[in-house]
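Chemist: pasting the sequence and the predicted model now:
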Amino acid sequence: MTNTNIDRILAGLAEVADIEAGRAAPARLFRPGAVDVRAIRGRTGLTQAAFAAQFGFSAAAVRDWEQRRREPEASARVLLTVIDREPDAVRRALAHT
């Protein structure tokens, strides 16, 4: 590792310390927004059960999300957003697990 890389790593660590101490704000924060699970599933052409099975959700969760009895947690919203934009990439990634 070159000195330049070490310097960049140390600068990054100093930035993290400043953010944690409240002396600096993070460059950006990602907060996944609301998702329309029914529309996302509809674009995949899958039933609720097939969508749940293919992407690792419970069928009950998909049903509750679509009927607005529950909102997906942030991590599920992130995954649902990726499924909406790149469903084949998610399928490929999950095929290797």
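Modeler: Nice, I can see it.
Chemist: contacts and neighbour counts: CA atoms only from here.
Modeler: Fine.
Chemist: after the one helix or strand D7 maps to comes which helix or strand?
Modeler: Following DSSP states H and E, one finds D7 within helix 3-21. Counting by DSSP H and E, the next helix or strand C-terminal to helix 3-21 is helix 37-44.
Chemist: in that next one, what counts as buried?
Modeler: The neighbour-count check on helix 37-44 (16 or more other Cα atoms under 10 Å) flags V37, R38, I40, R41 as buried.
Chemist: repeat that for stretch 70-88.
Modeler: So stretch 70-88, judged by 16+ other Cα under 10 Å, has buried residues E71, P72, R77, V78, L79, L80, T81, I83, D84, P87.
Chemist: want to throw the residues you listed into TSV with distance to P26?
Modeler: Putting the buried residues of stretch 70-88 into TSV (distance: Cα to Cα, whole Å) gives the following:
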residue	distance to P26
E71	27
P72	25
R77	22
V78	20
L79	23
L80	25
T81	23
I83	27
D84	27
P87	30
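Chemist: so which of the residues you listed belong to helices?
Modeler: R77, V78, L79, L80, T81, I83, D84, P87 (DSSP state H).
Chemist: now do the contacts for the residue most central in space within the chain.
Modeler: Among the residues of the chain, the one closest to the centroid is V78, at 2.4 Å (Cα atoms, centre = their mean). Contact partners of V78, counting by Cα atoms under 8 Å, 6 or more residues apart in numbering, are P32.
Chemist: with just CA atoms, put the worst-scoring helix or strand of the chain on mean pLDDT into PDB.
Modeler: Lowest mean confidence among the helices and strands of the chain (mean pLDDT, DSSP states H and E): helix 3-21, at a mean of 87. In PDB, the C-alpha atoms belonging to helix 3-21 read as follows (Å, rounded to 0.1, in the frame of the first residue of the first chain):
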ATOM      1  CA  ASN A   3       1.600   6.400   1.400                       C
ATOM      2  CA  THR A   4      -1.100   8.100  -0.700                       C
ATOM      3  CA  ASN A   5      -3.500   5.300   0.100                       C
ATOM      4  CA  ILE A   6      -2.600   5.300   3.700                       C
ATOM      5  CA  ASP A   7      -3.100   9.100   3.800                       C
ATOM      6  CA  ARG A   8      -6.600   8.700   2.200                       C
ATOM      7  CA  ILE A   9      -7.500   6.000   4.700                       C
ATOM      8  CA  LEU A  10      -6.400   8.100   7.700                       C
ATOM      9  CA  ALA A  11      -8.300  11.200   6.300                       C
ATOM     10  CA  GLY A  12     -11.400   9.000   6.000                       C
ATOM     11  CA  LEU A  13     -11.000   7.800   9.600                       C
ATOM     12  CA  ALA A  14     -10.600  11.400  10.800                       C
ATOM     13  CA  GLU A  15     -13.800  12.400   8.900                       C
ATOM     14  CA  VAL A  16     -15.700   9.500  10.600                       C
ATOM     15  CA  ALA A  17     -14.400  10.700  14.000                       C
ATOM     16  CA  ASP A  18     -15.600  14.200  13.300                       C
ATOM     17  CA  ILE A  19     -19.000  13.000  12.200                       C
ATOM     18  CA  GLU A  20     -19.300  10.800  15.300                       C
ATOM     19  CA  ALA A  21     -18.300  13.700  17.500                       C
END
